[in-house]
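Peer 1: Using only what follows, build the 3D model:
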Amino acid sequence: MKLLGIAIAFLFVSSVHAETKVVKLGKVHCQDCVATLKEKVCTGTDYQTCEVKLINKKKEIGELKLVTKGDAKIDMTKVSKIVEDEGYTIKK
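Peer 2: Okay, here's the model as predicted:
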């Protein structure tokens, strides 16, 4: 019986898949840009991971990494709007 419970728990846990997105950002040239984006994109969200970092100061390139909790999906339309409203771009 114990083995059946463990097997069912394993199936449940393995069926939940977090979504991960890593996107390059344009016009990010300093740590203030990183802080602004992190505040606007990450605050009040349900992401397991929400990281913003400066990749290349000279080329003004940043990176945004989002990982959802459970089987939630990332709404890239919403994320793009937040990023663009702050004056940054998502590089394709």
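Peer 1: Mind checking which residue lies nearest the centre of this structure?
Peer 2: Geometric centre of the chain, nearest residue: L66, 1.2 Å, by C-alpha atoms, centre = their mean.
Peer 1: okay but V23 is in contact with K92, surely?
Peer 2: No. Counting by C-beta atoms under 8 Å, V23 stays clear of K92, with 9.0 Å between them. Every C-beta, even on glycine, is put in place using the N, C-alpha and C of the backbone.
Peer 1: residue ranges of the strands in the protein, please?
Peer 2: Listed in chain order, the strands of the chain (DSSP state E) span 20-26, 47-56, 61-68, 89-90.
Peer 1: G62 touches I55, doesn't it?
Peer 2: Yes. Using C-beta under 8 Å, G62 is in contact with I55, at 5.9 Å.
Peer 1: Identify the contacts common to these two.
Peer 2: Jointly contacting G62 and I55 under the rule C-beta atoms under 8 Å, 6 or more residues apart in numbering are 24, 28.
Peer 1: excluding its backbone neighbours, what's nearest T89?
Peer 2: G26 (3.7 Å; C-beta to C-beta, 6 or more residues apart in numbering).
Peer 1: From D71, how far off is that neighbour?
Peer 2: Applying C-beta to C-beta, to the nearest Å, the value for G26 to D71 is 31 Å.
Peer 1: ok, now N56?
Peer 2: For N56, the distance to D71 (C-beta to C-beta) stands at 34 Å.
Peer 1: same deal with E60?
Peer 2: For E60, the distance to D71 - C-beta to C-beta - is 35 Å.
Peer 1: Looking at those two, which has the bigger crowd around it?
Peer 2: The neighbour comparison of E60 against D71 (other C-beta atoms under 10 Å) goes to E60, with 17 against 10.
Peer 1: got the contact list for the more buried one?
Peer 2: 26-29.
Peer 1: Neighbour-wise, which one of the residues you listed leads?
Peer 2: Tallying neighbours with other C-beta under 10 Å puts V28 at the head of the contacts of E60, with 27 neighbours.
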